[in-house]
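Chemist: Below are the sequence and a predicted model; questions follow.
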Amino acid sequence: MHITEINSEQIEELKKHVEINEQGHIITKKLHDKKGPYGSSVGAKAKVGSRRGSKTKYGQIFTYNFLGEFGKLVCKARDIVWILANGPIDANMTVYPIDGDVFNDRIENLALKKRNNGRRPGSKDVNKRTTNRLGLTKKELATALRMKKSGATWREISETMGYSVDCIKNWVKKDEKYKPALNWSHLTNTKEYDTENIEDESGIYCIAMCANRTGCSKFYIGSTISTKTRIEQHIRELKTNCHYNSDFQELYNSGMKIRAFLLEACSESELLEKEERIRSQYCEGSLINKNRAVLLDEIRPWLEKARHRFTKNKYTIDKETDCWEWNVLDASKGYGNQIGVSIKLVQKSILPHRLSYYIHKGEYPPLLRHKCDNKSCVNPDHLESGSHRQNGLDRSRDFRKDFEYWWLEYSRDIKKLTEHFCWNSTGAALKWERELGLREKYPEIYWENSKYMSPEEKQKQFAKKRAKREKERLRQRRLKTIKNEIINIKKRYSGASQEVIAAYFKIKKSDVAKITKGVTSSFEDLWNRKEMVDVLEYFNSIDAFISSASKAQLEGAINRFPHLEKQIKNYVPDVFYRRDHEQFTTFFSEFIENKKKQKASI
């Protein structure tokens with residue numbers, strides 16, 4: 001049912017089940033208790049308190065299934081907001097947002113206006129008719145064609161020119177210069193690739209950027225001898241955000257999906273001609289391609305008019321190479337300066353070498369190659385048609401020579417090379433340096449201006465590291481050997497610091513700290529044991545145990561308490577370990593004396 005057919009009874013039903021919040025959103029207030037012939041008013045996913053409707057480019061769309069025989073209502077959400085606040089809408093009126101924002105459905109932003117039966121308010125096509133057989137003046141028609149070619153929609157053209165969409169379509173499509181936009185209907189009988197597993201073929205391919213399965217925004221048409229390699233390269237560059245075509249990259253970043261098609265399979269010699277023929281059939285506004293080659297039939301009148309401007313005084317013949325070098329050059333590209341030709345206010349710029357080829361050969365191929373590697377040459381015998389792949393190889397060869405020259409000129413200054421070739425990072429310069437083998441070709445220049453070490457220096461550095469590793473290995477082995485001695489010293493001499501022990505064994509203080517971590521003196525171990533009471537009873541007193549116990553008495557204590565043997569022996573090292581004791585105490589006293597002398601000298 002239509003929104004203007006709603007009555008007061010249905011409005012009351014709406015008020016029971018939905019409500020409007022402060023933002024102008026329609027909220028589910030109550031679910032139906034029972035279902036009518038069209039089902040309940042709220043779907044299975046709807047919940048009480050959730051927002052109703054779906055978002056479209058025309059605003060929020062509201063759907064409601066009335067109980068009984070009234071049926072289903074589909075309308076704009078702002079219509080429901082107006083009806084619940086002000087009652088039914090007259091059939092000749094429509095609700096519109098005052099500020100132009102189709103998603104601002106607050107009641108204070110809504111107003112009524114008269115319906116225009118599908119035509120824009122003040123549309124010219126009702127009252128104004130021109131004498132032109134198409135209904136538009138030549139200027140208006142040219143404007144509409146230009147806007148369509150630039151990618152404008154029919155609605156945008158309609159709003160700009162003041163005519164309805166249907167009238168614009170009818171008038172523009174009758175013009176002989178009009179070209180249809182590429183759409184899904186043109187791809188119906190073409191072969192679609194699985195983007196995860198593309199077949200390798202030679203031909204014309206098409207990449208579609210689409211928001212869903214039925215709609216598509218733009219198309220890209222290209223040619224290649226290997227569809228697998230080329231399409232995968234497109235996808236890889238888009239995913240890494242480094243595609244050369246900014247429009248292509250922007251569409252991908254907006255969330256559109258990629259679909260790939262094979263328009264026509266053909267050999268390498270036919271690629272360019274067929275690609276330009278296919279692209280020329282469609283409106284450029286529907287394509288993502290930045291540019292395309294001009295076909296001979298399109299530019300022939302301008303070529304004929306420019307013929308008389310190709311004279312011998314415009315170029316100089318090099319006797320050694322037989323090149324006809326154009327006198328005035330384009331400084332940025334190195335080609336001859338373009339010749340401007342105008343016919344009926346339509347300006348075309350023609351390159352001299354392409355004009356020369358047309359005059360002498362009668363052809364105007366999509367791509368011309370300079371066999372002499374001289375961009376300023378216009379000698380038709382030095383020119384030949386070619387493919388993008390051949391042209392890419394030519395450019396690569398020229399670039400390789402150029403890069404090697406400047407690499408030597410700048411003595412491998414990567415920053416200067418990057419600035420010279422206008423690269424964003426130094427990675428490109430390093431890549432070409434490796435690819436051209438300049439490091440091996442000029443080793444003296446490379447190692448002299450490199451932050452890396454030469455092979456000889458690497459060998460020396462490796463020998464140093466190896467010696468260092470061997471030294472560390474021997475040190476660890478020695479630490480393992482003397483570990484028990486270090487622990488014994490720590491247990492026997494509670495006054496010996498880590499510094500003294502490290503100096504005694506000639507090792508690092510940190511190594512002593514690691515080895516003796518958690519180790520306490522034998523006296524502390526003995527004193528903290530419960531058995532200490534029994535030991536004292538054996539010696540009758542602490543003094544007898546500490547100062548005057550003889551070796552025989554100590555050995556008797558060890559026999560009496562065999563589990564305390566180590567603690568008792570370590571506590572009296574002068575008795576049981578006399579040689580080691582004398583050696584360490586002598587070193588200890590000398591170490592203390594040296595420390596005192598150092599402090600005194602300071």
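Modeler: Perfect, I can see it now.

Chemist: Okay, Glu555 and Lys491: tell me how far apart.
Modeler: 19 Å (CB to CB, to the nearest Å). No exception for glycine: its C-beta is placed from N, CA and C like everyone else's.

Chemist: Apologies, that question was intended for Glu472.
Modeler: The gap separating Glu472 from Lys491 is 28 Å, by CB to CB.

Chemist: Can you pick out the residue with more neighbours from these two?
Modeler: Set side by side, Glu472 and Lys491 show more neighbours around Lys491, with 23 against 10, by other CB atoms under 10 Å.

Chemist: Can you read off the backbone torsions of the more buried one?
Modeler: Dihedral pair for Lys491: phi -70, psi -40, per degrees, to the nearest 10.

Chemist: residues contacting it?
Modeler: By CB atoms under 8 Å, 6 or more residues apart in numbering, the contact list for Lys491 reads Val519, Thr520, Ser521, Ser522, Asp525, Asn570.

Chemist: With Ile11 instead?
Modeler: Ile83, Leu84, Gly87, Pro88.

Chemist: Show only the entries of those found in helices.
Modeler: If you go by DSSP state H, the contacts of Ile11 have Ile83, Leu84 in helices.

Chemist: Now flag whichever of the contacts of Ile11 is closest to Asn289.
Modeler: Ile83 (48.8 Å; CB to CB).

Chemist: Asn7 is in contact with that closest one, correct?
Modeler: No - contact criterion CB atoms under 8 Å: Ile83 and Asn7 do not qualify, at 10.5 Å.

Chemist: the more surrounded of these two?
Modeler: Using other CB under 10 Å as the criterion, Ile83 and Asn7 rank with Ile83 on top: 20 against 9.

Chemist: which ones are touching that one?
Modeler: Going by CB under 8 Å, 6+ apart, Ile83 touches Ile3, Ile6, Ile11, Leu14, Ile89.

Chemist: and those residues, which two are the farthest apart?
Modeler: The span of these, defined through CB to CB, is set by Leu14 and Ile89 at 13.4 Å.

Chemist: Let me see the backbone angles for His353.
Modeler: When read as degrees, to the nearest 10, the backbone of His353 gives phi -70, psi -30.

Chemist: Can you tell me the closest non-neighbouring residue to it?
Modeler: Val378 (4.6 Å; CB to CB, 6 or more residues apart in numbering).

Chemist: re the thing from before, neighbour-wise, which one of the contacts of Ile11 leads?
Modeler: Among those, the one with the most neighbours (other CB under 10 Å) is Ile83, at 20 neighbours.

Chemist: so Thr4 makes contact with Asp90?
Modeler: Yes - applying CB under 8 Å, one finds Thr4 in contact with Asp90, separated by 7.2 Å.

Chemist: Settle it for me: which of the two has more neighbours?
Modeler: When neighbours are counted by other CB under 10 Å, Thr4 and Asp90 differ, and Thr4 comes out ahead with 16 against 10.

Chemist: circling back: just flag the most distant two among the contacts of Ile11.
Modeler: Spatial extent of the contacts of Ile11 (CB to CB) is set by the pair Leu84 and Pro88 at 10.9 Å.

Chemist: on that earlier part again, now distance to Thr195 too, for the contacts of Ile11, in JSON lines please.
Modeler: Shown next, in JSON lines, are the contacts of Ile11 (distance: CB to CB, whole Å):
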{"residue": "Ile83", "distance to Thr195": "48"}
{"residue": "Leu84", "distance to Thr195": "48"}
{"residue": "Gly87", "distance to Thr195": "54"}
{"residue": "Pro88", "distance to Thr195": "52"}
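
Chemist: Show me which of the contacts of Ile11 is closest to Ile20.
Modeler: Leu84 (6.0 Å).

Chemist: Show me the helices in the stretch 251-400 of the chain, by range?
Modeler: Under the criterion DSSP state H, counting those that start in this stretch, the stretch 251-400 of the chain contains helices at 271-279, 296-306, 352-361, 388-409.

Chemist: least reliable of the ones you listed going by mean pLDDT?
Modeler: For those, mean pLDDT drops lowest on helix 388-409, to a mean of 69.

Chemist: which outside residues touch the helix or strand just after that helix?
Modeler: Downstream of helix 388-409, the first helix or strand assigned by DSSP states H and E is helix 414-420. Outside of helix 414-420, the residues within contact range by CB under 8 Å, 6+ apart are Phe403, Trp406, Trp407, Tyr410, Ser425, Thr426, Ala428, Ala429, Leu430.

Chemist: again with stretch 172-186
Modeler: Under the criterion CB under 8 Å, 6+ apart, residues 134, 141, 144-145, 148, 157, 206, 214, 216, 219, 221, 280-287 lie in contact with stretch 172-186.

Chemist: Just the buried ones from those residues?
Modeler: Among the contacts of stretch 172-186, the ones that count as buried by 16 or more other CB atoms under 10 Å are 134, 141, 144-145, 148, 157, 206, 216, 219, 221, 282-287.

Chemist: ok, which pair from those is furthest apart?
Modeler: Pairwise distances across the buried ones among the contacts of stretch 172-186 (CB to CB) peak at 31.6 Å, for the pair Leu134 and Cys206.
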